[in-house]
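S.K.: sharing a model prediction with you, sequence too.
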Amino acid sequence: MMKLCIHRGTHQIGGMSTEIATAKARILIDMGSELSLDAHFQDHPLSIPGITDDKEHWDAVLLTHYHGDHMGQILRIRPEIPLYAGALAQDIMKLSAKHHHQDALYARITAMRTFASGKPLPISDMKVIPFSIDHSAVDSYFFLICAEGKRLLYTGDFRLHGIRHKGMKKLLKRIGHVDILVTEGTTLSRSSGPALTEWDLQKQLKQYLAQYKYVFVLCSTTNLDRIFAFAKAVPSGKYCLCDAYQKILVKAVSDHWCLTGSSPVSDFYHMPKMSVYGKNILSQFKEQGGLFFVRGTDYFKNIIQQVDKSQSLMIYSMWDGYRTKAGSSIPDFLALTGHWERLHTSGHATPEAIQTLIQAVTPDIVIPMHTDAPEQIQSLCGKAKVLLPEDNEILLL
């Protein structure tokens, strides 16, 4: 039998860590930090026998992607345990650790092993096949785990409305029937309905760029699909500005995809025309206008205050919970311009997308994770059996 234990994430969004084991193999998927809107929240360190101490044997730890709620506690993993990630995810994590002067984290990431989409990764009597998927992290993966005569699909975070949405439909057909589906359910507790695509956002941004001389964008530095889509919306004759770190991340993604040859996805990641902001460019930006990727710091606040407020628009392109939480500084930052608009779409699957996934892979058993409302998945599962475990509960499948 296959053993599954979600060490954390059965009733919360983030902080993910899931164990899958057979008689001979034992792997952990993700080792994430918890998420909270409370400014005083203290992340609880994961303590997993054999992972964070030397009491038991583990074969490997696999990361679905580079978001902190999936990899934020990897320094707790014993260094002798092999740690795997996608090659681009590794590059992005290294660049982030270097930028933030996290030397120990940089060393751990550098020592990682990498896997490739569609290429089986044998681990004793277990075969793990990573599949590149659509999510707001550009290098994210499903894991199809074949062991003990069963096929288990572990989704990590995914969506069906991003840049790779067409490829996702083909992938689900390629995977076919699985015995067990372990799926994220981030949006199960949120209002459902059609999700905007990155193309929808890009189209709206083009209208804003025609309406306003200066458009500032506040979004996550590592939401790189968003960065590429917005940067490519800037018309000729206008500036697209960012800081040096943002451009380094964009170039890393572009360089990675250029090695894959031409395809609808790789063509999207051709390097956009972006300039790194400096004092020498401010006068030209004031004259010509354009798009500027910013973060909510005093450095960017001072820049924004130097242009005409009446001709400025701030785009807020992040989850709205960050803006509305108690004590948030974001509302004051958004008020720096004469007007602001929210232009965003989720990096997570809608309930309708989760149902599409279930219908495509026809699982016998569905297990939700990465959700604060696991019971809400019942209505999406048809005849499939739904299991709702607690954290650290062992399931024999």
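M.R.: Nice, I can see it. Residues are numbered from 1 along each chain as shown.
S.K.: now the residue most central in space within the chain. Nearest residue, chain neighbours left out?
M.R.: Nearest to the geometric centre of the chain sits Ala137, at 3.2 Å (CA atoms, centre = their mean). For Ala137, ignoring the flanking residues on the chain, the nearest one in space by CB to CB, 6 or more residues apart in numbering is His65 at 4.1 Å. (Glycine included, C-beta is placed from N, CA and C.)
S.K.: quick one: contacts for the one you found?
M.R.: By CB atoms under 8 Å, 6 or more residues apart in numbering, the residues touching His65 are Met71, Gly86, Ala89, His135, Ala137, Asp139, Ser140, Tyr141, Gly156, Asp157.
S.K.: what about the nearest residue to the second one once chain neighbours are set aside, how many neighbours?
M.R.: In space, and not counting its chain neighbours, Gly86 is closest to Asp139: 4.2 Å by CB to CB, 6+ apart. If you count neighbours by other CB atoms under 10 Å, Asp139 ends up with 25.
S.K.: with Leu201 instead?
M.R.: 20.
S.K.: and what about the residue lying closest to His135 once chain neighbours are set aside, helix, strand or coil?
M.R.: Among residues not flanking His135 along the chain, Asp157 sits closest, at 4.9 Å (CB to CB, 6+ apart). Following DSSP: H, G, I helix; E, B strand; the rest coil, Asp157 is assigned to coil.
S.K.: next one, pLDDT for Asp157 please.
M.R.: Asp157 carries a pLDDT value of 98.
S.K.: for it, which residues are in contact?
M.R.: So Asp157 contacts 64-65, 67, 70, 135-137, 140, 184, 186, 347-348, 370 (CB under 8 Å, 6+ apart).
S.K.: how near is it to Gln73?
M.R.: Using CB to CB, to the nearest Å, Asp157 is found at 17 Å from Gln73.
S.K.: what helices or strands is the helix or strand of the chain with the lowest mean pLDDT leaning on?
M.R.: When the helices and strands of the chain are scored by mean pLDDT, DSSP states H and E, helix 264-268 comes last with a mean of 81. Taking 3 or more CB pairs under 8 Å, 6 or more residues apart in numbering; DSSP states H and E as contact, the helices and strands that helix 264-268 lies on are helix 244-258.
S.K.: show me what the helix it packs on is packed against.
M.R.: helix 87-99, helix 224-231, helix 264-268.
S.K.: again, only this time at 6 Å
M.R.: helix 87-99 (3 or more CB pairs under 6 Å, 6 or more residues apart in numbering; DSSP states H and E).
S.K.: next, the angle from the helix it packs on to helix 224-231.
M.R.: Following axes from the mean of the first three to the mean of the last three CA atoms, to 10 degrees, one obtains 80 degrees for the angle between helix 87-99 and helix 224-231.
S.K.: quick check: angle from the helix or strand following helix 87-99 to helix 87-99?
M.R.: As assigned by DSSP states H and E, the chain's next helix or strand after helix 87-99 is helix 103-110. If you take the same axes, to 10 degrees, helix 103-110 sits at 170 degrees to helix 87-99.
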